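In: Requesting a structural model of the entry that follows:
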Amino acid sequence: MVIGSLTVDRIRTDFDNQVLATASELPSQLAFRYDPTTGRLSVEPSLSKLAPSDGSAVIKILSVSGAVLEQAPHRAPFLGVPRQTLQTVSGYRVISHVVTLTSEGNQQGHLIIQYGRKLSEVNTTVARVELLLVVGVLAGAGLALLAGMVIARRAMAPIAQLRSRAEEIARTRDPSLTLPQPRADDEVGELANTLQGMLHELDSAHAETEAMLVRQRRFVADASHELRTPLTSVLANLELLAESLHGEEAEAASSALRSSRRMRRLVADLLLLARTDVGRIVKREPVNLAQVAIEAAAELGPVSETHEISLDARPVVISASRDEMLRLAINLIENAVRHTPPGTEIRVITGVGAPGRAQLVVEDDGPGVPDRLRETLFERFVRGAGDRGGSFGLGLAIVKAVAESHGGSVEVSDTHAAAAGAGAGAARGARFVVSLPEASDLHDDGQHHRPPSQTVVDQLS
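Out: Down below sits the predicted model:
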């Protein structure tokens, strides 16, 4: 805009200077003869020779009174009242000069030479310049934009590579990946080197942490395993003392026996969790999940007399550790017994869920799982507010660990959908679903070895 404005002003100024220069030269180029007797004025050379015939310039000779004495071209437009300053009239840039002439008898008179030049020429030039400037500015801006985009893309390419690799590291959580190193030795290169150093330190810290966790898990597993032998001896001795002693001494021995048994359960839980943490795989064999559910319900029978446990045990075979599966089922049923009021029905269901998946379902009609506990329900040492059995908070953590170590999963939901308009305390029940991969019932000999279907009554009898 500044360049265009200066250029247009310069063009118009040059045009005005040309008009002034031409008008100043006219008196010296013209010779006037005035005959007072006839009142005629002759001009040499003719004005038509000085003024173009196309009307781009007009020359007029006026009397002092303003009468037109001579003009060229013949049909020239009116150029306004004569003035000795530039003015714009009828599309012309006009200026006037007074000329003194002497006639016969030394009589002096005055004439006015009026010169005007058409503005269409300069306007056309100005329009052309403005168009060229606009086109040039737009073209220059477009080229600058393209060049800037190319330069910016080349400059941002290393940063885009760093961002892509950072996203990959965030997705895989693998700090051992290396970042691309830019060729240029600039700020981006320094940033890449700094981030690479940070990733190296994080990888080292991660490796140290993993190594420490592995050592801790092995220690817990080994310690739990070693504690089983002395605890077995202590329990045997306490059982003998409880049977042989009487009175207060027998009560003290019984109390110690209960505490020791509780400690044995805790050690067994820790040992099982430690095995899954370190990835130790125990021997697996074909196990009928229905048989496991029946045995778990039968084992918890004495402690669940206030609850009604019903079974729908449909045979389904999985490849698993029988002891761990039994522990999983016992923990789920025991969890339902602990967190539901007396008289609540607990249903245990086994069978085939999705194709190729075996399911163990334990559901009840109790108050359900509080929303605040759903996210941490399967974490270790998490206990519900209604736990009345003095548990360690490891039961559901063991369920999750056993299920995942066998390639399965466990989920919790409500047994009953919330009824419309039901109160906040309405019972919705808890439903735990363990999904495990189903084992093939064909052995290497091509024969079926799946246990036959047995009713719950037959098993419990």
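In: C-alpha only now, for contacts and for neighbours.
Out: Noted.
In: what is the mean pLDDT for whichever strand or helix holds Thr13?
Out: Assigned by DSSP states H and E, Thr13 belongs to helix 2-29. Helix 2-29 comes out with an average pLDDT of 89.
In: residues of it that come out buried?
Out: Of the residues in helix 2-29, 4, 7-8, 11-12, 15-16, 19-20, 23-24, 26-27 count as buried by neighbour count, 16 or more other Cα atoms under 10 Å.
In: of those, closest to Ala256?
Out: Distance to Ala256 across the buried residues of helix 2-29 (Cα to Cα) is lowest for Gly4, with 102.7 Å.
In: Might one say that that closest one is in contact with Glu130?
Out: Yes - Gly4 lies in contact with Glu130 (Cα atoms under 8 Å); the separation is 6.5 Å.
In: which SS state does Ser176 fall under?
Out: coil (DSSP: H, G, I helix; E, B strand; the rest coil).
In: Can you give me the separation between it and Gln161?
Out: From Ser176 over to Gln161 the distance is 17 Å, taken as Cα to Cα, to the nearest Å.
In: Next one: Asp414 from Leu396, what distance?
Out: 16 Å.
In: Equivalent analysis for Ser48, please.
Out: Separation of Ser48 from Leu396 (Cα to Cα) stands at 116 Å.
In: now do Asn288
Out: Going from Asn288 to Leu396 by Cα to Cα gives 22 Å.
In: higher neighbour count, these two?
Out: Taking neighbours as other Cα atoms under 10 Å, Asn288 and Leu396 compare with Asn288 leading, 24 against 21.
In: pretty sure that one contacts Ile318?
Out: Yes - counting by Cα under 8 Å, Asn288 touches Ile318, with 6.5 Å between them.
In: Quick check: buried residues in stretch 261-272?
Out: Of the residues in stretch 261-272, 261, 264, 266-272 count as buried by neighbour count, 16+ other Cα under 10 Å.
In: actually stretch 338-357, sorry about that
Out: 338-340, 344-352, 357.
In: Which other helices and strands does whichever strand or helix holds Leu202 contact?
Out: Leu202 belongs to helix 187-244 when assigned by DSSP H and E. Helix 187-244 is packed against helix 120-172, helix 248-278, with contacts defined by 3 or more Cα pairs under 8 Å, 6 or more residues apart in numbering; DSSP states H and E.
In: ok so, going back, pick out whichever of the buried residues of helix 2-29 sits closest to Arg431.
Out: Using Cα to Cα, Gly4 is the member of those that lies nearest Arg431, at 80.3 Å.
In: just to revisit the earlier point, just give me the lowest mean pLDDT stretch among the helices and strands packed on helix 187-244.
Out: helix 248-278 - the lowest mean pLDDT of the helices and strands packed on helix 187-244, at a mean of 76.
In: Please name every helix or strand in contact with whichever helix or strand comes after that helix.
Out: Going down the chain from helix 248-278, the next helix or strand is strand 285-288, by DSSP H and E. Contact here means 3+ Cα pairs under 8 Å, 6+ apart; on that basis strand 285-288 packs against strand 317-320.
In: Could you identify the helix or strand that succeeds the strand it packs on?
Out: helix 322-338.
In: so what does that next one touch, helix or strand wise?
Out: The helices and strands touching helix 322-338, judged by 3+ Cα pairs under 8 Å, 6+ apart, are helix 289-299, strand 345-352, strand 357-364, helix 395-405.
In: following the last one, which helix or strand shows up next?
Out: Secondary structure here is assigned by DSSP H and E; on that basis, the next helix or strand after helix 395-405 toward the C-terminus is strand 409-414.
In: Of all the residues in that following strand, which ones are buried?
Out: Buried residues in strand 409-414, defined by neighbour count with 16+ other Cα under 10 Å: 409-410, 412-414.
In: do you know how far Leu241 is from Ala57?
Out: For Leu241, the distance to Ala57 (Cα to Cα) stands at 138 Å.
In: no, scratch that, I was asking about Ala268
Out: Counting by Cα to Cα - Ala268 and Ala57 are separated by 116 Å.
In: low-scoring stretches of the chain, by residue?
Out: Low-confidence segments of the chain (pLDDT under 70): 34-39, 102-108, 220-221, 224-225, 228, 275, 277-281, 383-392, 417-427, 440-461.
In: Break it down into its structural domains.
Out: For the chain, automatic domain parsing gives the domain ranges 2-118, 187-277, 283-417+426-460.
In: closest to Ile151 out of those?
Out: domain 187-277 (14.8 Å).
In: most tightly surrounded among the domains of the chain?
Out: Highest mean neighbour count of these: domain 283-417+426-460, a mean of 18 (counted as mean count of other Cα atoms under 10 Å).
In: tell me the secondary structure for Ala355?
Out: Residue 355: Pro, not Ala. Assignment for Pro355 (three-state DSSP): coil.
In: Tell me how far it lies from Val434.
Out: Counting by Cα to Cα - Pro355 and Val434 are separated by 14 Å.
In: Please produce TSV containing the helices and strands packed on helix 322-338, extended by distance to Asn123.
Out: TSV is the format used below for the helices and strands packed on helix 322-338 (distance: least, Cα to Cα, whole Å):
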stretch	distance to Asn123
helix 289-299	99
strand 345-352	92
strand 357-364	89
helix 395-405	87
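In: between those, which one is nearest to Ser65?
Out: Closest to Ser65 of the helices and strands packed on helix 322-338 is helix 395-405 (Cα to Cα; 117.4 Å).
In: Tell me which other helices or strands the closest one touches.
Out: Helix 395-405 is packed against helix 248-278, helix 322-338, strand 409-414, strand 430-437, with contacts defined by 3+ Cα pairs under 8 Å, 6+ apart.
In: how about 10 Å then?
Out: helix 248-278, strand 317-320, helix 322-338, strand 409-414, strand 430-437 (3 or more Cα pairs under 10 Å, 6 or more residues apart in numbering; DSSP states H and E).
In: can I get those in a markdown table with distance to Ser96?
Out: Shown next, in a markdown table, are the helices and strands packed on helix 395-405 (distance: least, Cα to Cα, whole Å):
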| stretch | distance to Ser96 |
| --- | --- |
| helix 248-278 | 109 |
| strand 317-320 | 117 |
| helix 322-338 | 115 |
| strand 409-414 | 103 |
| strand 430-437 | 108 |
